[in-house]
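Student: Sequence below, structure please.
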Amino acid sequence: MEAVAIGGGSLLLLGLIKRPTRDLDLVAIMEGGRLRRADPMPPALKAAIADVARLKGIDPHWMNAAPSNLVDLGLPDGLMRRAERRVYGGLTLHLATRIDQIAFKLYAAVDQGPDSKHVDDLRLLAPTKPEFLDAARWTRTHDPSSGFREILLQVLAHFGVDDDGSV
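Tutor: Numbers count the residues shown, from 1 in each chain. The predicted structure is shown next:
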């Protein structure tokens with residue numbers, strides 16, 4: 001079984017953050033060499049997740065497919081080429097690396113606001129202006145609305161990044 005993980009849990013696995021996280025977000029499952037939404041999860045993976053939760057006494061949603069909808073509108077170009085591959089028994093995880101996490105975290109920060117953990121994670125990832133702008137352009141492929149753009153520009157300004165006209 002192969003899956004693509006994003007978010008705080010994968011940042012923690014990569015050693016890019018130290019804050020605790022309560023889950024690992026799967027965005028996609030690899031089937032036949034192609035990515036598909038992680039939701040619905042394959043039955044064998046669901047059963048393994050439930051077994052671990054029961055054995056460890058943790059939340060049964062410790063591994064989930066909450067961000068699967070990102071696949072529908074497209075993942076960042078080159079994500080799989082950059083992803084770090086980790087094997088955990090019968091599960092191979094492809095962890096989105098720093099540059100892709102910047103895009104995901106920026107998208108989430110716009111959605112959840114300036115007091116969210118995503119803003120804190122972005123601070124820790126310390127994106128450069130070009131990295132922020134590349135991430136911002138990717139987020140706009142997921143929400144081209146003027147309202148989203150307005151909040152996106154506010155988040156960028158919060159980090160001292162001015163729009164170069166490409167957002």
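
Student: Next secondary structure after the host helix or strand of Arg137?
Tutor: Element membership for Arg137 (DSSP states H and E) is helix 129-142. Downstream of helix 129-142, the first helix or strand assigned by DSSP H and E is helix 146-158.

Student: Quick check: buried residues in that next one?
Tutor: Phe148, Arg149, Ile151, Leu152, Leu153, Val155, Leu156 (16 or more other Cβ atoms under 10 Å). Yep, even glycine has a C-beta here, placed from its N, CA and C like the rest.

Student: Pull the contacting residues for Ile49.
Tutor: Residues in contact with Ile49 (Cβ atoms under 8 Å, 6 or more residues apart in numbering) are Met41, Pro60, Trp62, Met63.

Student: check contacts around the first one.
Tutor: Spelled out, that is Met41. Going by Cβ under 8 Å, 6+ apart, the list of residues near Met41 reads Leu26, Ile29, Ile49, Ala65.

Student: what's the answer for Asp143, then?
Tutor: Contacts of Asp143 (Cβ under 8 Å, 6+ apart): Val110.

Student: Next: Ala44.
Tutor: Applying Cβ under 8 Å, 6+ apart to Ala44 gives the contacts Met1.

Student: what about it, distance to Gly90?
Tutor: 8 Å (Cβ to Cβ, to the nearest Å).

Student: Now the common contact residues for those two.
Tutor: Joint contacts of Ala44 and Gly90 (Cβ under 8 Å, 6+ apart) are Met1.

Student: As a check, name the ranges of all strands in the chain.
Tutor: Secondary structure of the chain (DSSP state E): strands at 2-6, 24-31, 34-37, 63-64, 84-88, 91-95.

Student: Tell me which strands the third one pairs with, and in which orientation.
Tutor: Taking DSSP bridges as the criterion, strand 34-37 forms sheet pairs with strand 24-31 (antiparallel).

Student: on that earlier part again, just the buried positions in the helix holding Arg137, please.
Tutor: Glu131, Phe132, Leu133, Asp134, Ala135, Ala136, Trp138, Thr139, Arg140, His142.

Student: That one - what's its average pLDDT?
Tutor: Average pLDDT, helix 129-142: 96.

Student: Under the pLDDT cut-off, which ranges of the protein? List them.
Tutor: Applying pLDDT under 70 to the chain flags no residue at all.

Student: Specify the angle between the helix holding Arg137 and helix 146-158 in degrees.
Tutor: 170 degrees (axes from the mean of the first three to the mean of the last three Cα atoms, to 10 degrees).

Student: Now do helix 129-142: everything it contacts.
Tutor: Against helix 129-142 from outside (Cβ under 8 Å, 6+ apart): 70, 73-74, 76, 99, 102-103, 106-107, 110, 127, 148-149, 152, 156, 159, 161, 163-164, 166-167.
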